[in-house]
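# Whatever this is, show me its structure:
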Amino acid sequence: MTLWRAVLLPLLLAGCGAKPMAAQPTLDGQPPIVIAHRGASGERPEHTLAAYRLAIDLGADFIEPDLVLTQDGVLVARHENEISETTDVADHPEFASRKATKTIDGVEVSGWFTEDFTLAELKTLRAKERLPKLRSTEYDGQYAVPTFAEILDLLAEVNKDRAKPVGVYPETKHPSYFAAIGLPHEAALLAILDKYGYKGRRAPVFIQSFEVANLKAIRAKSDLPLIQLIDGEGGPADDPKASYAAMASPAGLRAIATYADGIGPNKAMVIPRGALGTLGDPTGLVRDAHAAGLKVHPWTFRRENYFLPLGDKGGVNPAGHGDLAAEINAYLATGIDGLFSDNPREAVVVTRAAQR
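Purely as a prediction, here's the structure:
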């Protein structure tokens, strides 16, 4: 423990720390899964084949590609359809005229958008670190933007000799926006998953979305496992009358269970933080979700001090690494069924140790 933590932590935690609790079981009694958030994105530029391969090598149970579409209708992995934060597109003078301002899910966004590029054009770009103030940029410029098919090719390669396959956990990004411009996710996503053999409820796949209608549309055509993402504020972009808070209520969770198999909540909805940034007492969300028959996979666990609860920080440097294991263990005790992490190296070790 650093001197900073040793001196200040007891004072800051006095009277505001989380109460000890007995560890709760997962929904089905199986060990919680580790989902590599955008691959091993704490160590390689996110959503690159290198990030996914490293996550697999580190023992992740699932890799997570966020999916957007190109102008010619190809599913590619980017966190957003606006790509200036994660590629070198701004350094390509031949694409300067493509810069635009659009309204995405009610928010005005300026930059370069995947739907304005063909796949061939997008392949001329190279990925870069999205959080350069917190993470190394040594791998910038080395990796291309992968298609979903290339990601599934990677999984097919690594899974051919595995008794337990590494799964894929795609998210449909801004599905109602893409549908409105004639580039819907659902048909393309289901077709490619079917082509690669992802069929039935026991397939190693979860399809996730912050929106509702596209999950319901997928459920009408497929019995693949679905996850409804929810946040602490706001609501689904495709239903202005709905709120995530209402969806997280017992009645809301029962409604989700009619079309989905689980929820992916902001982790603060499972254990909130106090005014000083310390972890508080767990809410009833995991209990209520399990009562509705839903798995719970909160997001996102990261090792940098900037993201950690106060008691788990390793110093005052935001880019420094703290005690991610302690934070994850607090959440595992609530009975979560899995977790998203940028750092599968640490997350896998913690979750495996908790199973012993």
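
# And the strands in the stretch 51-200 of the chain, which stretches?
In the stretch 51-200 of the chain, the strands defined using DSSP state E, counting those that start in this stretch lie at 62-64, 66-69, 75-77, 100-104, 107-111, 167-168, 171-172.

# can you list those in JSON lines and add mean pLDDT and distance to A347?
Every C-beta, even on glycine, is put in place using the N, C-alpha and C of the backbone. Below are the strands of the stretch 51-200 of the chain laid out as JSON lines (pLDDT from 0 to 100; distance: least, C-beta to C-beta, whole Å):
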{"stretch": "strand 62-64", "mean pLDDT": "98", "distance to A347": "12"}
{"stretch": "strand 66-69", "mean pLDDT": "98", "distance to A347": "19"}
{"stretch": "strand 75-77", "mean pLDDT": "98", "distance to A347": "20"}
{"stretch": "strand 100-104", "mean pLDDT": "98", "distance to A347": "30"}
{"stretch": "strand 107-111", "mean pLDDT": "97", "distance to A347": "30"}
{"stretch": "strand 167-168", "mean pLDDT": "98", "distance to A347": "15"}
{"stretch": "strand 171-172", "mean pLDDT": "98", "distance to A347": "18"}
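
# of all those, which lies closest to A291?
Ranking the strands of the stretch 51-200 of the chain by proximity to A291 (C-beta to C-beta) places strand 62-64 first, at 24.6 Å.

# Name the residues that touch that closest one?
Residues outside strand 62-64 that contact it (C-beta atoms under 8 Å, 6 or more residues apart in numbering): 33-39, 52, 55-56, 151, 155, 166-171, 204, 206, 338, 340.

# if we can go back for a sec, what's the most buried one of the strands of the stretch 51-200 of the chain?
Most buried of the strands of the stretch 51-200 of the chain, by mean neighbour count (mean count of other C-beta atoms under 10 Å): strand 62-64, with a mean of 28.

# Starting from that one, tell me which strands it pairs with and how they run.
strand 33-37 (parallel), strand 167-168 (parallel) (DSSP bridges).

# Check what contacts the last one and list those residues.
Going back to what we said before, that points to strand 167-168. With contacts defined as C-beta under 8 Å, 6+ apart, strand 167-168 is touched by 33, 61-65, 151-152, 155, 198, 204-206.

# Which parts of this protein are helices?
3-13, 49-57, 119-122, 148-159, 175-180, 186-195, 213-221, 244-247, 250-256, 285-291, 324-332, 344-354 (DSSP state H).

# Name the residues of the fifth one that are buried.
Just to be clear, that refers to helix 175-180. Buried positions in helix 175-180, judged by neighbour count with 16 or more other C-beta atoms under 10 Å: 175-179.

# same question, the longest one
Along helix 148-159, the positions that meet the burial threshold by neighbour count (16+ other C-beta under 10 Å) are 148, 151-152, 154-155, 158.

# returning to that earlier point: quick one: which of the strands of the stretch 51-200 of the chain is nearest A191?
Of all the strands of the stretch 51-200 of the chain, strand 75-77 comes closest under C-beta to C-beta, at 9.8 Å.

# by contact count, what packs against the closest one?
strand 66-69, helix 148-159, helix 186-195 (3 or more C-beta pairs under 8 Å, 6 or more residues apart in numbering; DSSP states H and E).

# any idea how far P31 is from K173?
Going from P31 to K173 by C-beta to C-beta, to the nearest Å gives 29 Å.

# residues in contact with the closest residue to K133 other than its chain neighbours?
Nearest non-adjacent residue to K133, counting by C-beta to C-beta, 6 or more residues apart in numbering: A319, 6.8 Å away. Each residue near A319 by C-beta under 8 Å, 6+ apart is listed here: 133-135, 304-306.

# One more pass at 10 Å, please.
131-136, 304-306 (C-beta atoms under 10 Å, 6 or more residues apart in numbering).

# Just the buried ones out of the residues you listed, please.
131, 134-135, 304-305.

# tell me which of those is nearest to F113?
L131 (21.0 Å).

# For P184, which non-adjacent residue is spatially closest?
Closest to P184 by C-beta to C-beta, 6+ apart is F178, at 6.2 Å.

# Quick check, central residue of the chain?
The centroid of the chain falls nearest to H37 when counting by C-alpha atoms, centre = their mean (4.6 Å).

# And that residue, how far from G252?
25 Å.

# And T278, by the same measure?
28 Å.

# Packed most tightly, which of the helices of the chain would that be?
Mean neighbour counts for these (mean count of other C-beta under 10 Å) peak at helix 49-57, with a mean of 23.
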